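Trainee: Predicted model and sequence follow; I will ask about them next.
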Amino acid sequence: MSEIQMSEDRSEERAGSEQRPATSGSRTYDAHFQVWRGDTEGGDLTDYTVEVNEGEVVLDIIHRLQATQAGDLACRWNCKAGKCGSCSAEINGRPRLMCMTRMSTFTEAETITVTPMRAFPVIKDLVTDVSFNYVKASEVPAFAPPAGVAPGDYRMAQVDVERSQEFRKCIECFLCQDTCHVVRDHEENKTAFAGPRFLMRVAELDMHPLDAADRQHQAQEEFGLGYCNITKCCTEVCPEHIKITDNALIPMKERVADRKYDPLVWLGSKIGRRER
Amino acid sequence: MQTHKYDVVIVGAGGAGMRAALESSTRARTAVLTKLYPTRSHTGAAQGGMCAALANVEEDNWEWHTFDTVKGGDYLVDQDAAEVMCKEAIDAVVDLEKMGLPFNRTPAGRIDQRRFGGHTRNHGEAPVRRSCYAADRTGHMILQTLYQNCVKQDVEFFNEFYVLDLLMTPDADGVEVASGVVAYELATGEIHIFNAKAVILATGGFGKVFKTTSNAHTLTGDGMGVVWRKGLPLEDMEFFQFHPTGLAGLGILLSEAARGEGAILRNADGERFMERYAPTIKDLAPRDIVARSMANEVREGRGAGPHKDYVLLDLTHLPREQIDAKLPDITEFARTYLGVEPYTEPVPVYPTAHYAMGGVPTNIEAEVLRNNVDVVPGLYAAGEVACVSVHGSNRLGTNSLLDINVFGRRAGIAAAEYALKAELPELPADPQVMVEAMVSTLLTSTGAEKVNVIRTELQNTMDRNAQVFRTEESLAEAEAEIHALRARYADVAISDKGKRYNSDLLEAVELGFLLDLAEVLVISARNRKESRGGHAREDYLERDDVNYMKHTMAYRGADGEVNLDWKPVVVTRYQPMARKY
């Protein structure tokens, strides 16, 4: 029986650390939040005062709001570990994952605003219609296996694999798409511009050592690489710390430029094409 | 209400669902329904790798892999299924590479492999390097790769469609066949009927019955719950895996890859305690053994921290470059959630509910069983929702990514081939009735109970009474509490009465499934008076092959009660032996 008793104690304690005010030594305070409430018809910031415990992240506070004050508040979330990309929002105007934003990064006196991603149409409260991104995703042709190499006989160097692995860390939270001024402030660009996430996807495929498709032409002509003027906003908001601009977009621009303007590369590509 | 017609409808867009869709969509008209978006599924959280006996870095073969899987599952594994999985593992890895997945490489440019818990050379001699991996993002990269290839094949996705009912229709001989599903569209609140020749369930697990879990919010066992309410059985539900290295107090997972790369578990005295429990493979013993050893260290007073309630995962002796290159996520989790710097400090860890070994019983063609022998025509299941059973009473690390690829593929092929031969079954009369009633009852309820209160109490009792160690008393207490909570659930009300993105409603429905499944888990666990794999009874410490080397089959009775039966284990090559590491 004493053993059961012990496990009971442990579980109480874990409950405390997550949901209840403070065991010894940890701090609890009331924070002032402004959360955007509304739908397609419009909406506004609503004020809330919510309890905050040590170690919590913004998503914890949103959950506490749902549980105690605003049962009809809509938000997406899933893994609560920064891996699923669901809980994207703008916190004090800055695109962030709610689950990876620690409350300790704010002062206790600060008013914290939570608003939906601005680049996408609102469905309700913090939930936006992100289908634009899935349309763009569907336009990027998948990996093209190399001709003449049997599956299982692929040989690649680790250093080359790592280049595309960095871009593969993307969790498709779409914060980079949200922050990119090419679409954030210019709805009309959405048709011609795929956004940093999908230009990075094209770069990832271009840098895959064995991909057989022509990605450079696509990047420029179909996905609007030229619209990007490398302000690095996407890199700044990436929760996976992918160097989107430096490692994907700029090299891709260089590859496109080489091909377009370097006479030797141009000649080589023509000869190459003729041989086929 | 809208009605859609397809050859094959797949429920769930994680690894198993999308792997099935890749096969099914080339053969038959296929729709994939997901409660989330395809790249949000929990497959994406799998970090460590996918085992296959490629023998790229040292001698290995699929038979050794099969043996490890059977022994790891404490001999409750159906050995025919394990053979299939371990044999087809090699092609499964090659298929993913062909789809563009960038696995880590050896110096010779081949797919690199690393060690993982319970995977050994020559029947337990020493750890073997068998896990193929892509940094510590293997699951994430598999999910993305499968999604991109689904897009390439024009698979139709219905995103944020929550499936709440399975439709069955009697055929000419009076046998109930699958005829579709009923889904609730989250964005609009509209109900959709999907009439299909074949249905594949790939909805994942139900870790949310526990409080401390690595599982995402979405893992509420909907697929199992839907099947259960149709009177179909659930198999081996008492076997739940507790992953050793959850972040203490939070349950967020630190991959077993950490130990594969050389990290060591230590108690408060700094002792490498796994040397006492598994002298040969130490920290790389299977998860059930490591989790129990950790829990035992804590209850014998050797836990670390101010409350002595966790142990420590020590990476400090590993080179920083190795940590950065192989385990980047782990360091980020520790820093963000615990404020611990893994380069210099050990990370507090404690077991966290991770994986359901049990689920919807299937055969090796992924066909769902209605009893010990007969299948439900047109109904398939793959991945964590299913119980084939390749994991027996304890799954080995990396075998879940393998499971979804091998049996997802098999389900996709089998369902499409069945659909090509079958006529579209007629829908039952008023197919939407059950779901409409469920939704309107919740929307109009004026009861006093709240979803989050009941859910918290459920999760607390499960953590307290049905976790790593169990006894008759603890399980009886859990069962009584679940019964009380079920009664209170009938009086649950929600505050969002709207149609648009009503997550309040969604969570209330999910809680219903969680209560059902928790009850099945606990009753199955009470009935199994032995300790085997992930099911450790302190009142029955030994494995009892004479009385219990058989699968539990749970059926829902006419009044909602749980009735239990057994199903024999398929043994092909390996007779049970004592499980030592």
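Mentor: Everything's here; your move.
Trainee: Report the central residue of chain A.
Mentor: residue A:173 (2.9 Å; CA atoms, centre = their mean).
Trainee: Three-state assignment for it, please.
Mentor: Assigned with DSSP: H, G, I helix; E, B strand; the rest coil, residue A:173 falls in the coil class.
Trainee: which residues sit in contact with it?
Mentor: Neighbour list for residue A:173: A:85, A:86, A:88, A:97, A:239 [criterion: CB atoms under 8 Å, 6 or more residues apart in numbering or on different chains]. Where you see a C-beta, it was placed from the backbone N, CA and C, and this is true even at glycine.
Trainee: do the same with residue B:107
Mentor: residue A:158.
Trainee: what's it sitting at in phi/psi?
Mentor: phi -60, psi -30 (degrees, to the nearest 10).
Trainee: where along chain A do the strands fall?
Mentor: A:28-39, A:42-53, A:88-91, A:94-97, A:111-115, A:122-124, A:127-128 (DSSP state E).
Trainee: So for residue B:277, which of these sits nearest?
Mentor: strand A:42-53 (35.4 Å; CB to CB).
Trainee: OK, contacts around whichever residue of chain A sits closest to chain B?
Mentor: Residue of chain A nearest chain B, by CB to the nearest CB: residue A:143 (2.7 Å). For residue A:143, the contact set (CB under 8 Å, 6+ apart) comprises A:205, A:208, A:211, B:99, B:100, B:145, B:148, B:149.
Trainee: can you check residue B:283 too?
Mentor: Residue B:283 touches B:259, B:263, B:264, B:265, B:272, B:274, B:290, counting by CB under 8 Å, 6+ apart.
Trainee: Quick check on these: which are buried?
Mentor: Among these, the ones that count as buried by 16 or more other CB atoms under 10 Å in any protein chain shown are B:259, B:263, B:264, B:265, B:274, B:290.
Trainee: Pretty sure residue B:180 sits in a strand.
Mentor: Yes: if the criterion is three-state DSSP, then residue B:180 is within a strand.
Trainee: returning to that earlier point: between the strands of chain A, which gets nearest to residue B:139?
Mentor: So among the strands of chain A, strand A:94-97 is nearest, using CB to CB, at 18.5 Å.
Trainee: Now that closest one: buried residues?
Mentor: A:95, A:96, A:97.
Trainee: One more: stretch B:19-36?
Mentor: B:19-25, B:27-36.
Trainee: residues from the stretch 401-550 of chain B in reach of chain A?
Mentor: B:450, B:452, B:456, B:460, B:463-465, B:467, B:469, B:471, B:473-474, B:494-498, B:500-504, B:538 (CB under 8 Å from any CB of the partner chain).
Trainee: buried subset of those?
Mentor: Applying 16+ other CB under 10 Å to those flags B:450, B:452, B:456, B:460, B:463-465, B:467, B:469, B:471, B:474, B:494, B:496, B:500-504 as buried.
Trainee: And stretch A:61-69, how far out from the chain middle?
Mentor: Stretch A:61-69 has its C-alpha centroid displaced from the chain centroid by 24 Å (CA atoms, centre = their mean, to the nearest Å).
Trainee: Need phi/psi at residue B:351.
Mentor: phi -60, psi 140.
Trainee: circling back: could you dump the contacts of residue A:173 into a markdown table with pLDDT and distance to chain B added?
Mentor: Output for the contacts of residue A:173, formatted as a markdown table (pLDDT from 0 to 100; distance: CB to the nearest CB, whole Å):
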| residue | pLDDT | distance to chain B |
| --- | --- | --- |
| A:85 | 95 | 6 |
| A:86 | 95 | 5 |
| A:88 | 98 | 11 |
| A:97 | 97 | 10 |
| A:239 | 95 | 9 |
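Trainee: Between all of these, which two are at the greatest distance?
Mentor: Top of the distance list for those (CB to CB): A:86 and A:239, 11.9 Å.
Trainee: Now find how far off-centre the longest helix along chain B is within its chain.
Mentor: Longest helix in chain B by number of residues, with DSSP state H as the criterion: helix B:503-527. Averaging C-alpha positions (CA atoms, centre = their mean) puts helix B:503-527 15 Å from its chain's average.
Trainee: Could I have the CA atoms of the helix or strand that contains residue B:258 written out in CSV?
Mentor: Per DSSP states H and E: residue B:258 is located in helix B:257-260. Extracted in CSV, the C-alpha atoms of helix B:257-260 (Å, rounded to 0.1, in the frame of the first residue of the first chain):
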residue,chain,number,x,y,z
ALA,B,257,18.1,8.1,-29.7
ALA,B,258,19.7,10.0,-26.8
ARG,B,259,20.6,6.7,-25.2
GLY,B,260,21.4,5.2,-28.6
